[in-house]
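Visitor: can you look at this prediction? I've put the sequence above it.
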Amino acid sequence: SEMADNIAGDQALPDGRFRVPTVDWRRTARRVLTLEWIDGIPISDHAALRAAGHDLKALGLTILRSFLRHAMRDGFFHADMHQGNLLVDRDGVVVAVDFGIMGRLGYRERRFLAEILHGLITRDYRRTAEVHFEAGYVPAHHPVEVFAQAMRAIGEPIHGRTAAEISMADLLGQLFAYTEV
C-alpha cells in the first residue's frame with residue numbers, strides 16, 4: 001500500500017503505465033499478503049503480448065523508468081521485479097505482483113547510485129570510482145586509478161549492447177568482486 005501511495009500520481013506521466021494491486025487487508029496477515037486478482041499476460045510471453053497489440057519496447061521502457069523512479073524518487077522499490085512478477089493487463093498497464101522482497105534506499109544512497117549510473121552511462125569511470133570511495137563501498141587504501149580501471153572493464157563491454165545481450169547477474173557479480181575488501 002505504501003508503494004501504491006507513492007505512485008498514485010504517476011499515471012499522469014507519459015510512461016506512468018505501472019501499478020500495484022490493491023491489498024486485501026481483511027485476508028492479509030503477518031506472513032501472508034493478499035492482493036486483488038490480476039488478469040494479465042506474463043511479461044515473459046512476448047508472443048501473447050504482441051498478439052494483444054502491446055509494444056514490447058514501450059513496456060520495457062515503462063518497467064525500467066518505473067523501477068528507477070521508485071528507487072531514486074521514493075527510495076522504496078520492488079526488489080524482485082523479474083519476469084515472473086510482472087503482468088500486462090488488457091489496457092497495457094504493467095502490474096507488479098509478489099512483494100515479498102522490497103528495498104529501501106536513503107537519500108545518501110540514492111545520490112550515490114545516481115552518480116554511479118551517470119558515470120557508467122557517460123563513461124566517466126574516474127568519477128564512478130570516486131563515488132564508490134565517497135560512499136565507502138571501497139576501502140580507502142585502494143588506489144582510485146585502479147578502481148577506475150576496473151569500472152572501465154565493467155562499463156565498456158556493455159556500451160552499445162541491448163539489454164538482452166547483458167547479463168545483470170554477471171555485471172553485478174563483477175561489480176561486487178571489484179568492491180570486495
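Guide: Arrived safely, thanks for sending. Remember, predicted model here, so these are calculated numbers, not experimental data.
Visitor: any stretches of the protein with poor pLDDT?
Guide: Within the chain, the ranges that satisfy pLDDT under 70 run 163-164, 168-169, 172, 179-181.
Visitor: now do the same contact list for the spatially most central residue of it.
Guide: Centrality entry for the chain: nearest residue to the mean C-alpha point is residue 67, 4.2 Å, by Cα atoms, centre = their mean. Going by Cβ atoms under 8 Å, 6 or more residues apart in numbering, residue 67 touches 77-78, 81. In this view, the C-beta of every residue, glycine as well, is placed from N, C-alpha and C.
Visitor: just the element for it, please.
Guide: Per DSSP states H and E, residue 67 falls inside helix 56-68.
Visitor: that helix: which residues count as buried?
Guide: By 16 or more other Cβ atoms under 10 Å, the buried positions in helix 56-68 come out as 59, 62-63, 65-67.
Visitor: how many neighbours does residue 178 have?
Guide: A count of neighbours around residue 178, defined by other Cβ atoms under 10 Å, yields 19.
Visitor: go on, residue 20?
Guide: 21.
Visitor: am I right that it is in contact with residue 5?
Guide: No. Applying Cβ atoms under 8 Å, one finds residue 20 not in contact with residue 5, separated by 9.8 Å.
Visitor: got a list of contacts for stretch 30-45?
Guide: Residues contacting stretch 30-45 (Cβ under 8 Å, 6+ apart): 21-24, 27-28, 48-49, 52, 54, 59, 63, 83-84, 86-90, 94-95, 97, 99-100.
Visitor: do that again at 6 Å, thanks
Guide: 21-22, 24, 27-28, 48-49, 83, 86-89, 95 (Cβ atoms under 6 Å, 6 or more residues apart in numbering).
Visitor: quick check: residue 16 vs residue 62, distance?
Guide: Residue 16 is 8 Å from residue 62, where distance means Cβ to Cβ, to the nearest Å.
Visitor: who does the helix ranked longest in the chain touch, helix- and strand-wise?
Guide: Counting residues, the longest helix found in the chain (DSSP state H) is helix 107-122. In terms of contacts (3 or more Cβ pairs under 6 Å, 6 or more residues apart in numbering; DSSP states H and E), helix 107-122 is packed against helix 125-135.
Visitor: what's the helix or strand following the helix it packs on packed up against?
Guide: Where DSSP H and E defines the elements, the next helix or strand beyond helix 125-135 is helix 144-155. The contact analysis (3+ Cβ pairs under 6 Å, 6+ apart) places helix 144-155 against helix 125-135.
Visitor: got a list of contacts for the helix it packs on?
Guide: Helix 125-135 has contacts (Cβ under 6 Å, 6+ apart) with 112, 115-116, 119-120, 138, 144, 147-148, 151-152.
Visitor: for the residue located most distally from the centre of the chain, give me its contacts.
Guide: What lies farthest from the middle of the chain is residue 141; by Cα atoms, centre = their mean that is 31.1 Å. Listed by Cβ under 6 Å, 6+ apart, residue 141 has no contact partners.
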